[in-house]
Every structure is written in C-alpha cells, then in structure tokens.
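Colleague: Sequence and predicted model, in that order:
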Amino acid sequence: MTTTILRMNPTLDQMHAHRSIRKYTSEAISDSDLGTAVEAAQQAATSANIQVYSVIRVTKTESLQKLVELTGGQEKVAQAGTFLVICGDMRRHRLLAEAASEQCTENLESFLLCVVDASLFAQNLALAVESLGWGTCFIGGLRNDLQAVGELLDLPKGVYPLFGLCIGRADESPWQRPRLPIDAVLFDDRYPDDAAMLGMMKAYDDDMAAYYEKRGASGRRWIGQMEQFFASPRRTGDRSYYESQGASLG
Ligand SMILES: Cc1cc2nc3c(=O)[nH]c(=O)nc-3n(C[C@H](O)[C@H](O)[C@H](O)COP(=O)(O)O)c2cc1C
C-alpha cells in the first residue's frame, strides 16, 4: 500500500504537524489548557477501563533543576514551563485490594498494562496540548536514574515513572522529521522478507540524510545511529527500580 496523503481533516492535519520542541519561550501553559488537555487525554482507550496511569506535574524550581541534571542536562525540562512525569499506576488498584482484603497480583502483564495505558494517555495528551497551540517533547531521559527520580518525587509503591513530557510555547520551528515509509510498518497478512525490509530502511536512510543536510548536520545517517542504539544494553537499572516499587517483571 504505497500511499501519499490522500485525505486530510483537522485531526489528521494536527497529527501531521507534530515536531518535538526543544526550545521554549517563558510563557507557561495555563491551568485551564492543561486541564482541558488532560481530560481529553483521559478519553484514550484503556485496557478493561483499569486506567493504570497517573501524571505528576513538577512545579518546584529546585525539583525541576534536579530533573535537568537527572535527565542528562536537558535544560528544556526546567525551561518549558511545564514538566510532567507520566507514570504507570498500580497504586489505586493496590489500595482497592487492600481495602477489600484481596490480593493485588502484579506480574509482567500488569506492568505492560501500565506502560500501554500510560503511553496511550500520554500521546493523546501531547496531541491535545499541541492542538491548543503548545509545543511538547517527551523525555525518556527520566529513566537515566529512576531511583533518584522516585526519591525526588517521593513516589509510593505501585507508581512507576515511565517518561517525562515538556509542555510550553515553542521558540523554534524545527524541520519535520521524516518517518519510515508506510510499507515498512503496515503489512497485509505477513511480515515482509528481510531483503525487502532492509531495502526500505536504506531508502529511509537517504530521506533522513537529506533531512540532516537541511538541518546543517550533513553526513549524519539514521542507519548508523540505529546500529549504535541497541549495540549495548540500555538503562540496566530499570528492572531493579521497578521491582523495588512493587512490579514483578520475571
Ligand atoms: C518516549 C519518548 C522519549 C523521548 N525522550 C527524549 C529525550 O529524552 N530528549 C529529547 O530531546 N527528545 C526525546 N524524545 C523525542 C524524540 O527524539 C522524537 O520524538 C523523535 O526523534 C522524532 O522527532 P519528532 O518528535 O520531532 O518527530 C522522546 C520521544 C519519546 C516518544
């Protein structure tokens, strides 16, 4: 299915307008825009309506400064005006179980439910705030030192910080980053053979090289970066931190 974009509507336009924003003005999102966006995001589908996510807005200057450090020096965390920590949340279900003298059994599946539900909510939230004219950037650097993040936010058992989200008024207009061709992600009936997949990635690598060239970073390539990305295990402390919070990932 080699498509170009055939039909657009305001929702599709908004989705296609996405770019991560890494420079912000000093204008912070209003409580009413944030509240509106969170309520819209909560309408995301959720596994069996369990709603196993929550979001912590970090407002204290000292905490934001500490989070800049913990995310590897990402100044935008403090500069955006609003920084949210998106969490998987089994806490509420633990409380319900405790009150009913029931078990709240956590396993890999319950953790996956948290990650899936929180991610669907978070993407809805980003899209909602972008539709209100604000810029966003997710922050996976939040997992660089989960123990320190957990202590900073005083997270109770059953709450799993997953990633951050900066929200603020954009002070830059970055080029849009191309994505893989649709044929590399949407398949009819069976997964493509390796040669076809490698060919599509090679074509995308050329698109990305052109994108980097436009950005003044000529010579950078996507394939080279991807080869490095998983060359060694990433963030090896995740498992022990989440298990210390009550997750069971075995
Ligand atoms: C879960 C997640 C974590 C991310 N973490 C970071 C981050 O720590 N720092 C950053 O600058 N961008 C981060 N990003 C943004 C990605 O780099 C960006 O979405 C990707 O390169 C595509 O670019 P675009 O969003 O502008 O289209 C993250 C994105 C996601 C979805």
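Modeller: Cool, the structure landed.

Colleague: Send over stretch 54-68 as CSV, restricted to the C-alpha atoms.
Modeller: Below are the C-alpha coordinates for stretch 54-68, written out as CSV (Å, rounded to 0.1, in the frame of the first residue of the first chain):
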residue,chain,number,x,y,z
SER,A,54,-1.2,9.0,36.5
VAL,A,55,0.7,12.2,35.8
ILE,A,56,2.7,14.3,38.2
ARG,A,57,3.2,18.0,37.4
VAL,A,58,6.6,19.1,38.8
THR,A,59,6.3,22.8,39.9
LYS,A,60,9.1,23.3,42.4
THR,A,61,12.1,25.1,40.9
GLU,A,62,14.6,23.0,42.9
SER,A,63,12.9,19.8,41.7
LEU,A,64,13.0,21.0,38.1
GLN,A,65,16.7,21.8,38.4
LYS,A,66,17.4,18.4,39.8
LEU,A,67,15.4,16.8,37.0
VAL,A,68,17.5,18.7,34.4
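
Colleague: tell me which parts of this structure are close to the ligand?
Modeller: Of all the residues in the chain, those in contact range of the ligand (C-beta under 6 Å from any ligand atom) are 18-20, 22, 74, 137-141, 163, 177. Every residue, glycine included, has its C-beta placed from N, CA and C.

Colleague: how about these in TSV, adding neighbour count?
Modeller: Formatted as TSV, the entries for the residues of the chain next to the ligand read as follows, by neighbours: other C-beta atoms under 10 Å:
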residue	neighbour count
His18	15
Arg19	16
Ser20	14
Arg22	17
Gln74	22
Cys137	22
Phe138	18
Ile139	23
Gly140	13
Gly141	18
Phe163	19
Arg177	14
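
Colleague: where exactly do the strands run in the chain?
Modeller: For the chain, the strands defined by DSSP state E cover 53-58, 82-89, 135-139, 159-168.
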